[in-house]
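Participant: 3D, please:
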Amino acid sequence: MGRRSLFLMALIALASPASAEIGRVKTTLGTATIQRGTDHIPAATGLELLPGDWLETGKDGRISLTFVDNTRWSVGPDSRIALTKFDYDPTSQKGSFVAQIERGSIAVVAGRMTKGGRDGMQLLTPDGEISPRGTRFIIVVPR
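Facilitator: Numbers count the residues shown, from 1 in each chain. This next block holds a predicted model:
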């Protein structure tokens, strides 16, 4: 394989939205992990978040996160939440964010994309979906 082919493959891998950072863990307390595929990674300050990650906290766990559009989440104890989709254009400050809340709670301070219009954030729960439009809200999904 030539250098040009290797270079093009490297560019494609770097540009792949599936591997693009969408946010970072700011703080953790107690038992908190990020499930990425089959791996369970201890949630630690500065850990990058990717689309498809699952946030998991134990009965004593909490995670606070900041996404690239400046949306901030505080995930409560005994939570399991998937970061299903995150598309954000920093130039237009528009995009869409889909998360699946299997159980637990989140407190949200909305960032640029959620404040910006119709797409914004969509939260899927076992009982349906929520498309919040405010700048601050709390969602609790019982077991």
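Participant: ok so residue 113 is a strand residue?
Facilitator: No: counting by DSSP: H, G, I helix; E, B strand; the rest coil, residue 113 is not found in a strand; it is helix.
Participant: Could you tell me how many residues sit around it?
Facilitator: Counted with other C-beta atoms under 10 Å, residues neighbouring residue 113 total 26. Quick note: C-beta positions are derived from backbone N, CA and C, even for glycine.
Participant: Residue 37 now?
Facilitator: If you count neighbours by other C-beta under 10 Å, residue 37 ends up with 9.
Participant: measure residue 60 to residue 29 for me?
Facilitator: Relative to residue 29, residue 60 is positioned 8 Å away (C-beta to C-beta, to the nearest Å).
Participant: where along the protein do the helices fall?
Facilitator: Assigned helices in the chain, in chain order: 3-15, 112-115 (criterion: DSSP state H).
Participant: rank the ones you listed by mean pLDDT and give me the bottom one.
Facilitator: If you rank the helices of the chain by mean pLDDT, helix 3-15 sits at the bottom with a mean of 44.
Participant: Where does the prediction get shaky in this structure?
Facilitator: Low-confidence segments of the chain (pLDDT under 70): 1-19, 114-119, 132-134.
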